[in-house]
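> quick one, what's the 3D model for this:
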Amino acid sequence: MTLRLKLMAGLVALCALGLTIAGTASAFALRSYLYDRVDQQLGRAEVLGRLPVATLLTRPSRLDRAGMERAVGPTDYLVEIRRANGTVLRVAGSASPPPPATPLLDVAGRAGIGGASGGAGGGGAGTGTGSPRSPAPFTVVADRERYRAVQRAFPGGTRVLVALPLRPVADTVRRLVRIELAVGAAVLAAVAALAWLWLTRGLRPLRQMVGTAAAIAGGDLDRRVPAGPPRSETGQLAMALNAMLGQIQTAFDARVASQEQVRRFAAEASHELRTPLTSIRGYADLLRAGMVPADEADQALRRIQQEAARMGDLVDDLLYLAHLDEQRPMRRVELDLADLVRDAVADLRAAAPQRAVHAELPPSCPVLGDPDALRQLVGNLLANARVHTPPDAAVEVRLRAGGPGHRLGPAPGGAVLDVIDHGPGMPPEVADHVFDRFYRAADSRAQGRGGSGLGLSIVAATAQAHGGRVEVISAVGTGSTFRLLLPPDHQLPGDAVGLTAPGGVGAAVL
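The predicted model follows:
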């Protein structure tokens, strides 16, 4: 059973219940009102033919049938008089149905209602005793006809019963019930039709959501639920579903990208490790087969050692990046970044004494971070400038206190480090990928200074692990600027964990 049918059935059932309660209450109210009217008529039955009943009883000329018929007249009254000798005189008004075969006095006497002085009343077969001046009405059933009656006892043993038939009351109530049933059926039919149309329109957003879910299940991840009124439940549900679908799509895209990055990383790492392994295996096979002359054996062993060292460095870099990718908590201590940069500049001057190196460093630049990780970061930036620029290209190193409160400038408490080389620069398509792992420009490979392709990816990952970032600005013919921005201490994450480099798998040109 669909939700629309359930809601419509529930609405119709509630309407039917309300109509039933209202109809029942109105029928009982009308019945009670008509019973009160009958009781009032019986109260006025003390006077028949403009003469009190007691006067009729004291005038023998009026106590015969003809006199009683004239007194009762064209009414609904049924009058029964039981004389002291036991005879019963019964007279029914011309508007009353034929009297029952058994006198009502006998039926009331056998049922024990009415009482000797006037009796039982109230809506059915209860008994009660009234005073001679105010007899209580009661209900008596004879020949399947219901009568409302009062009776009184007079001196001398005479008893008088005056009754009115309840058939008009029953017919009136029955007609009201039939009218209510017809009107109720028409109302329920109209309610059902209107409810069907209203629910069809109201549940249209849910059907659209079902269609959207089916489309998404079929692979259309860009599909979204049509927005509805923001104050309605369906509109709020649509907004919540769209937000959830956006998060799911983002997570799915991230998962696909991560899987692709892992696959590419594994393929590239295998490729990078295969080269030194091939060299080591080749030299080892030559030495074992005795195919290397004695004077070249040391050279072969040196090449094996170089390739093994290269492979060791590559494995160390991969393990370090894996450590950052696992987002393990990093050691955070207060350190002077100016001292680290000063040492790295000295190393650069020692490695390339012919290169012009200019450094602008403050006396101190306190930051919060891992000393070993930041030392490797700064060393990689300077080594990248040394390896990928001509020997006569000048290198400038600038450090200033302040962190990246936003991209427009520094904020107090952090640091900004610029490593500027005046080399050939990089085209945009190369600059966009310098932080991708294992990325090396074609000219770098051709000139034999491609490196492992992991140096700058380690820089980017380490910067993100410290809550900062690294940027590159480069143009062909003007050189390149690598900028490291470390945030103020209060902007660092509480647990300062290692993060993956931009784009998931970062890279290098080192």
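> from the middle of its chain, how far away would stretch 34-48 be?
67 Å (C-alpha atoms, centre = their mean, to the nearest Å).
> state the three-state secondary structure for Ile179.
helix (DSSP: H, G, I helix; E, B strand; the rest coil).
> what's the pLDDT at it?
pLDDT for Ile179: 94.
> equivalent analysis for Arg65, please.
56.
> please apply the same query to Met239.
Met239 is given a pLDDT of 82.
> quick one, strands of the stretch 351-500 of the chain?
357-360, 366-369, 395-406, 409-421, 469-475, 479-486 (DSSP state E, counting those that start in this stretch).
> show me what the fifth one is in contact with.
It refers to strand 469-475. 404, 425-426, 430-431, 434-435, 456, 459-460, 463, 480-485, 502 (C-beta atoms under 8 Å, 6 or more residues apart in numbering). For every residue, glycine as well, the C-beta is placed using N, CA and C.
> give me that answer again for 6 Å
Residues outside strand 469-475 that contact it (C-beta atoms under 6 Å, 6 or more residues apart in numbering): 425-426, 431, 434, 459-460, 463, 480-485.
> what is the nearest of those residues to Asp313?
Closest approach between those and Asp313, by C-beta to C-beta: Val459, at 15.7 Å.
> if we can go back for a sec, relative to Leu381, which of the strands of the stretch 351-500 of the chain is closest?
Of the strands of the stretch 351-500 of the chain, nearest to Leu381 by C-beta to C-beta is strand 409-421, at 4.5 Å.
> let me see the mean pLDDT of that closest one.
For strand 409-421, the mean per-residue pLDDT is 73.
> on that earlier part again, with distance to Leu318 added, can I get the strands of the stretch 351-500 of the chain in a markdown table?
Listed next are the strands of the stretch 351-500 of the chain as a markdown table, based on distance: least, C-beta to C-beta, whole Å:
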| stretch | distance to Leu318 |
| --- | --- |
| strand 357-360 | 30 |
| strand 366-369 | 22 |
| strand 395-406 | 28 |
| strand 409-421 | 24 |
| strand 469-475 | 20 |
| strand 479-486 | 22 |
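> kindly reformat those as a markdown table and extend each row with distance to Asp317 and mean neighbour count.
Listed next are the strands of the stretch 351-500 of the chain as a markdown table, based on distance: least, C-beta to C-beta, whole Å; neighbours: other C-beta atoms under 10 Å:
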| stretch | distance to Asp317 | mean neighbour count |
| --- | --- | --- |
| strand 357-360 | 25 | 14 |
| strand 366-369 | 19 | 21 |
| strand 395-406 | 23 | 18 |
| strand 409-421 | 19 | 20 |
| strand 469-475 | 17 | 18 |
| strand 479-486 | 18 | 23 |
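> my read is that Leu484 contacts Ala415, right?
No: applying C-beta atoms under 6 Å as the test, Leu484 and Ala415 come out as separate, 7.7 Å apart.
> nearest to Val140, of the strands of the stretch 351-500 of the chain?
Of these, the one closest to Val140 (C-beta to C-beta) turns out to be strand 395-406, at 99.0 Å.
> distance between stretch 298-310 and the chain's centre?
64 Å.
> and that stretch, what's its mean pLDDT?
Per-residue scores along stretch 298-310 average to 84.
> again, but for stretch 137-156
Stretch 137-156 comes out at a mean pLDDT of 85.
> list the buried ones in that stretch?
137-140, 142, 145, 147-153 (16 or more other C-beta atoms under 10 Å).
> try stretch 306-318
307, 310-311, 314, 317-318.
> repeat that for stretch 178-187.
Buried residues in stretch 178-187 (16+ other C-beta under 10 Å): 180, 184, 187.
> which other residues reach that stretch?
Under C-beta under 6 Å, 6+ apart, the answer for stretch 178-187 is 19, 23.
> likewise for stretch 420-430?
So stretch 420-430 is contacted by 385, 389, 393-396, 441, 474-481 (C-beta under 6 Å, 6+ apart).
> start and end of it, how far apart?
17 Å (C-alpha to C-alpha, to the nearest Å).
> and it, how far out from the chain's middle?
51 Å.
> which residue ranges of the stretch 151-300 of the chain form helices?
167-202, 204-217, 233-289, 297-325 (DSSP state H, counting those that start in this stretch).
> closest one of the contacts of strand 469-475 to Arg204?
Ala460 (49.4 Å).
> what is the burial count for Gly377?
Rather than Gly, residue 377 is Leu. Other residues within reach of Leu377, judged by other C-beta atoms under 10 Å, total 28.
> any idea how far it is from Pro99?
The gap separating Leu377 from Pro99 is 119 Å, by C-beta to C-beta, to the nearest Å.
> cool, Pro226 as well?
In terms of C-beta to C-beta, Pro226 sits 77 Å off from Pro99.
> more crowded one of the two?
A count of neighbours by other C-beta under 10 Å puts Pro99 above the other of Pro226 and Pro99, at 20 against 14.
> the more buried one and Gly93 touch, don't they?
No: Pro99 lies out of contact with Gly93 (C-beta under 6 Å); the separation is 10.2 Å.
> Glu429 versus Ser480, what's the distance?
14 Å.
> now flag whichever of the buried residues of stretch 178-187 is closest to Ala344.
Val187 (89.1 Å).
> so where's the stretch 51-200 of the chain shaky on pLDDT?
51-74, 94-95, 114-134 (pLDDT under 70).
> could you pull out the strands for it?
Counting by DSSP E, counting those that start in this stretch, the strands of the stretch 51-200 of the chain are 51-52, 78-82, 88-92, 138-142, 145-154, 158-165.
> now the ones you listed as TSV including distance to Arg204?
Below are the strands of the stretch 51-200 of the chain laid out as TSV (distance: least, C-beta to C-beta, whole Å):
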stretch	distance to Arg204
strand 51-52	77
strand 78-82	67
strand 88-92	68
strand 138-142	58
strand 145-154	57
strand 158-165	60
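> re the thing from before, turn the helices of the stretch 151-300 of the chain into CSV, including distance to Pro362.
Output for these, formatted as CSV (distance: least, C-beta to C-beta, whole Å):
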stretch, distance to Pro362
helix 167-202, 68
helix 204-217, 55
helix 233-289, 38
helix 297-325, 28
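> so which of these comes closest to Leu337?
That would be helix 297-325 among these, by C-beta to C-beta, at 19.3 Å.
> which neighbouring elements make contact with that closest one?
helix 233-289 (3 or more C-beta pairs under 6 Å, 6 or more residues apart in numbering; DSSP states H and E).
> what's the burial count for the closest residue to Ile304 other than its chain neighbours?
Among residues not flanking Ile304 along the chain, Tyr283 sits closest, at 4.8 Å (C-beta to C-beta, 6 or more residues apart in numbering). Look at Tyr283: counted by other C-beta under 10 Å, it has 20 neighbours.
> Ala289 too?
8.
> now do the one 4 residues further on
A count of nearby residues for Pro293, using other C-beta under 10 Å, gives 9.
> and Ala338, what does it touch?
Per C-beta under 6 Å, 6+ apart, neighbours of Ala338: 361-362, 364-365.
> with Gln40 instead?
With C-beta under 6 Å, 6+ apart, Gln40 has no contacts at all.
> please, which helix or strand holds it?
helix 3-43 (DSSP states H and E).
> would you mark the buried spots in stretch 208-228?
For stretch 208-228, by 16+ other C-beta under 10 Å, it's 209, 212, 216, 223-225, 228.
> among these, which one lies nearest to Arg82?
Nearest member of these to Arg82, counting by C-beta to C-beta, is Gly228, at 81.3 Å.
> report pLDDT for the closest one.
70.
> so it versus Asp222, what's the distance?
Gly228 is 20 Å from Asp222, by C-beta to C-beta.
> just Arg31 next, same as before
68 Å.
> go on, Ala195?
36 Å.
> check Leu34 too.
72 Å.
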